[in-house]
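Asker: Structure, please.
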Amino acid sequence: MSTASTGGPKGSGSSETKKKGKTPLGTHLIAGGIAGLSEACVCHPLDTIKVRMQLSRSSRGKGVKARGFIATGAMIVKKETPLGLYKGLGAVISGIVPKMAIRFASFEQYKAFLADKKTGDTSPQGVFLAGLGAGTTEAVAVVCPMEVVKIRLQAQQHSMADPLDIPKYRNAAHALYLILKEEGPKTLYRGVALTALRQATNQAANFTAYTEIKAKAVELQPEYNGMLPGWQTGIIGLISGAMGPFTNAPIDTIKTRIQRATALAGETAWSRITKVAGEMFRQEGFRSFYSGITPRVARVAPGQSVVFVVYERVAKQLETLKADYVADESN
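Answerer: All right, here's what the predicted structure looks like:
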């Protein structure tokens with residue numbers, strides 16, 4: 001099945017890849033970085049609200065309910081100014097280029113490795129496994145350290161309009177410095193197993209859904225010659241992006257709680273996970289595992305829509321510029 005547009009994730013088949021050749025790593029880096037930057041700037045406020053909701057503690061059986069999505073956002077704006085919604089953005093931006101480069105580049109590498117040696121086609125199962133590999137790779141290489149810094153910044157409740165209200169962590173660089181100084185490098189990998197599991201399931205669902213839906217859309221609309229209109233790419237990205245959050249919300253909530261806290265002597269990764277999960281269930285109930293699901297879906301789904309639209313367009317433009325350059329050189 002030949003499907004995807006130039007530069008983006010190809011469909012289950014790879015006839016287009018065989019025709020046009022392998023997309024250079026530089027294309028993944030530039031297009032992925034620009035796409036990730038766009039996503040971060042547009043969707044970061046929703047991520048801050050999600051983190052605050054996940055960190056808030058409701059009291060089971062005592063009539064104390066956690067704030068909802070809108071109420072949490074309104075409280076942040078009221079107490080910390082609208083800039084409070086962008087806490088931790090520096091940490092996200094600093095990691096977004098390598099994260100997206102690793103995501104797209106590793107996905108294509110894993111997908112090629114899992115392709116049929118005779119036809120060059122990758123089955124839907126192969127695409128799913130490639131997504132798992134890409135998510136795990138980006139989690140270990142970039143996402144976990146970045147999120148530890150980001151969550152520490154987002155968890156601080158201080159007014160950014162009051163110069164006398166000085167938080168412990170002033171910015172991403174300062175937070176990274178203090179974490180390394182006070183807690184050591186291992187702290188940056190607190191919750192790495194859960195982060196890898198979340199990213200792996202996210203990208204497996206994301207790439208599989210995107211690849212298969214896009215393949216069908218291209219097949220039904222041959223007039224577009226593989227390059228779907230931006231609005232269609234956006235809708236497909238929106239659908240594929242919503243898959244992961246619903247399946248791994250408990251993983252993300254437990255991970256957030258672990259990454260916020262400082263390490264205790266004698267604790268292992270597994271003991272931390274079971275301790276946090278047990279306390280959440282006993283004190284707050286099963287619903288606490290889905291705290292922040294609304295802003296998470298609201299952030300991840302449109303975020304993936306932005307990523308795929310921007311990525312595909314930038315990648316297409318880069319390939320056009322490369323083709324023009326080669327043509328000029330040959331004349």
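Asker: And residue 217, which helix or strand is it part of?
Answerer: helix 192-220 (DSSP states H and E).
Asker: Ok, residue 243 next?
Answerer: helix 230-260.
Asker: and the next helix or strand after that helix, average pLDDT?
Answerer: Next along the chain after helix 230-260, taking DSSP H and E as the criterion, comes helix 269-284. Mean pLDDT, helix 269-284: 86.
Asker: where does the stretch 151-300 of the chain have low pLDDT?
Answerer: Filtered on pLDDT under 70, the stretch 151-300 of the chain yields the residue ranges 159-164.
Asker: now the helices for the stretch 1-150 of the chain?
Answerer: 15-20, 25-55, 69-80, 89-113, 124-138, 144-154 (DSSP state H, counting those that start in this stretch).
Asker: Report all helices and strands that the last one contacts.
Answerer: Counting contacts by 3 or more CB pairs under 8 Å, 6 or more residues apart in numbering; DSSP states H and E, helix 144-154 is packed against helix 25-55, helix 89-113, helix 172-182, helix 192-220, helix 230-260. C-betas here are computed from N, CA, C, even on glycine.
Asker: relative to helix 89-113, how tilted is the helix holding residue 217?
Answerer: Orientation check (axes from the mean of the first three to the mean of the last three CA atoms, to 10 degrees): helix 192-220 against helix 89-113 gives 60 degrees.
Asker: Please identify the buried residues of helix 192-220?
Answerer: 192-215, 217-218 (16 or more other CB atoms under 10 Å).
Asker: measure residue 194 to residue 94 for me?
Answerer: Going from residue 194 to residue 94 by CB to CB, to the nearest Å gives 22 Å.
Asker: cool, residue 260 as well?
Answerer: 19 Å.
Asker: in this protein, which helix has the most residues?
Answerer: Identified as the longest helix of the chain according to DSSP state H is helix 293-330.
Asker: That one - contacts with which helices or strands?
Answerer: Using 3+ CB pairs under 8 Å, 6+ apart: helix 293-330 touches helix 25-55, helix 69-80, helix 89-113, helix 192-220, helix 230-260.
Asker: Redo the ones you listed as CSV? Include distance to residue 307.
Answerer: Formatted as CSV, these follow (distance: least, CB to CB, whole Å):
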stretch, distance to residue 307
helix 25-55, 5
helix 69-80, 22
helix 89-113, 7
helix 192-220, 9
helix 230-260, 7
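Asker: Those: which one's closest to residue 165?
Answerer: helix 69-80 (8.9 Å; CB to CB).
Asker: just the CA coordinates of the closest one, formatted as PDB?
Answerer: Output in PDB follows, covering the C-alpha atoms of helix 69-80 (Å, rounded to 0.1, in the frame of the first residue of the first chain):
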ATOM      1  CA  PHE A  69      -9.900  21.900  34.000                       C
ATOM      2  CA  ILE A  70     -11.300  25.400  33.700                       C
ATOM      3  CA  ALA A  71     -11.200  26.100  37.400                       C
ATOM      4  CA  THR A  72      -7.500  25.100  37.600                       C
ATOM      5  CA  GLY A  73      -6.600  27.300  34.600                       C
ATOM      6  CA  ALA A  74      -8.500  30.200  36.000                       C
ATOM      7  CA  MET A  75      -6.800  29.800  39.400                       C
ATOM      8  CA  ILE A  76      -3.400  29.800  37.800                       C
ATOM      9  CA  VAL A  77      -4.100  33.000  35.800                       C
ATOM     10  CA  LYS A  78      -5.600  34.700  38.900                       C
ATOM     11  CA  LYS A  79      -2.800  33.900  41.300                       C
ATOM     12  CA  GLU A  80       0.200  33.700  39.000                       C
END
